[in-house]
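here is a sequence with its predicted model. Questions after.
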Amino acid sequence: MSGQEFFINRYRELGWEYAPAKPMQAIRVNTTNARREDIEERLGSQRIRLKQIPFANNGYWVCKSRVSVGATSEYLLGLYSIQEAAAQIPVTFFSDLRGKIVLDACAAPGGKTVQLADLMKNTGAVVALDIDRQRLTALSNHLERCSVKNTIVYKMDARHASRLQIKFDRVLLDVPCSGNFATDDNWFHRRMVEDVERNAALQREILEEAAKVMKDNGEIVYSTCSLEPEEDELNIDWAIKNMNLRTESLNISYGEKGLTKVFGKKLDSSVENCRRIWPEKTQGFFVCKLVRRSDA
């Protein structure tokens with residue numbers, strides 16, 4: 001059996017019938033720097049046709065463009081960011097961000113970091129970590145271009161975040177993952193279950209460290225662009241059962257509830273509070289919000 005057949009059979013067992021997908025390019029307006037209406041007008045005058053993303057308040061799909069949306073003066077001035085549609089979702093699930101101390105544990109290349117600062121209106125502080133020096137350069141450039149003023153960047157493995165000796169109000173875990181076929185034409189040929197299991201183990205280490213540095217009344221938002229349950233629902237089930245965390249319901253109609261039965265294994269019923277997005281106009285995505293259990 002080929003790698004593609006193997007994974008397609010897995011998806012069928014999880015309740016989704018495979019279909020090739022090519023996500024539409026998307027942008028997100030940085031509302032600290034610009035108004036949505038102005039961006040619509042300015043890009044429209046350059047024959048860039050946009051369509052509002054229904055689940056992203058400040059997001060647009062790029063339906064047609066004669067020029068690269070990464071080469072306009074509006075982009076270079078930081079008025080908007082190029083950010084995949086589903087990737088705009090996780091940051092919006094934090095209950096309140098202004099004035100908070102936030103950890104972006106796996107930050108590069110910085111799309112969600114800029115989005116955090118935008119929603120915070122440059123108040124409070126964002127501590128952004130990544131282990132790749134080249135990716136940190138891209139992150140720093142992105143922050144500078146978008147006039148972000150409240151963010152500190154560290155070259156650090158998220159598994160060592162407690163060395164900062166800071167307790168955080170909010171923790172964003174957009175963890176390293178296996179990705180999915182929608183954004184990588186060679187994905188089925190490159191990936192094996194062993195890769196998925198290795199990534200899942202790394203993600204659990206990062207989750208465990210995040211719980212250590214989160215304040216008692218804090219929030220964790222966990223996300224991946226993986227379709228594999230080992231990196232998604234199974235990790236959240238593990239966190240619920242081993243880390244005194246619980247899920248919170250997400251106010252979004254897009255996508256599907258998290259799976260509570262995976263390959264014959266029954267998971268905690270609250271895992272359905274997570275959101276699983278199968279590829280279509282957007283890439284595949286998984287997101288979940290975790291808080292400390294009140295009886296912990």
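Right, received. Where do you want to start? Treat the numbers as computed from the prediction; the structure is a model and nothing was measured.

point out where the stretch 151-296 of the chain drops to low pLDDT.
Scanning the stretch 151-296 of the chain with the threshold set as pLDDT under 70 gives 295-296.

which stretches of it form helices?
Assigned by DSSP state H, counting those that start in this stretch, the helices in the stretch 151-296 of the chain fall at 187-190, 193-213, 233-242.

pull the longest strand from the protein.
Among the segments of the chain that qualify as a strand by DSSP state E, the longest is strand 214-224.

what packs against that strand?
Secondary-structure packing of strand 214-224 (3 or more Cβ pairs under 8 Å, 6 or more residues apart in numbering; DSSP states H and E): strand 168-174, helix 193-213, helix 233-242, strand 285-292. Every C-beta, even on glycine, is put in place using the N, C-alpha and C of the backbone.

which SS state does residue 60 fall under?
Three-state call for residue 60 (DSSP: H, G, I helix; E, B strand; the rest coil): strand.

so which of the helices and strands packed on strand 214-224 is nearest residue 52?
strand 285-292 (18.6 Å; Cβ to Cβ).

and the closest one, what does it pack against?
Using 3+ Cβ pairs under 8 Å, 6+ apart, strand 285-292 sits against strand 214-224, helix 233-242, strand 245-248, strand 275-277.

quick one: contacts of the longest strand of the chain?
For strand 214-224, contacts defined as Cβ atoms under 8 Å, 6 or more residues apart in numbering pick out 89-91, 93-95, 167-175, 177, 203, 207, 210-211, 231-232, 235-236, 239, 245, 248, 285-292.

give the buried residues for it.
For strand 214-224, burial by neighbour count (16 or more other Cβ atoms under 10 Å) applies to 214, 218-224.

quick one: the strands in the stretch 51-200 of the chain, in order.
For the stretch 51-200 of the chain, the strands defined by DSSP state E, counting those that start in this stretch cover 59-64, 80-82, 101-104, 125-130, 151-155, 168-174.

if I look at the residue lying closest to residue 90 once chain neighbours are set aside, how far off is residue 173?
In space, and not counting its chain neighbours, residue 90 is closest to residue 223: 4.2 Å by Cβ to Cβ, 6 or more residues apart in numbering. From residue 223 across to residue 173, the span is 7 Å (Cβ to Cβ, to the nearest Å).

now swap in residue 290 and tell me
Distance, residue 290 to residue 173, using Cβ to Cβ: 9 Å.

no further queries at this time; thank you.
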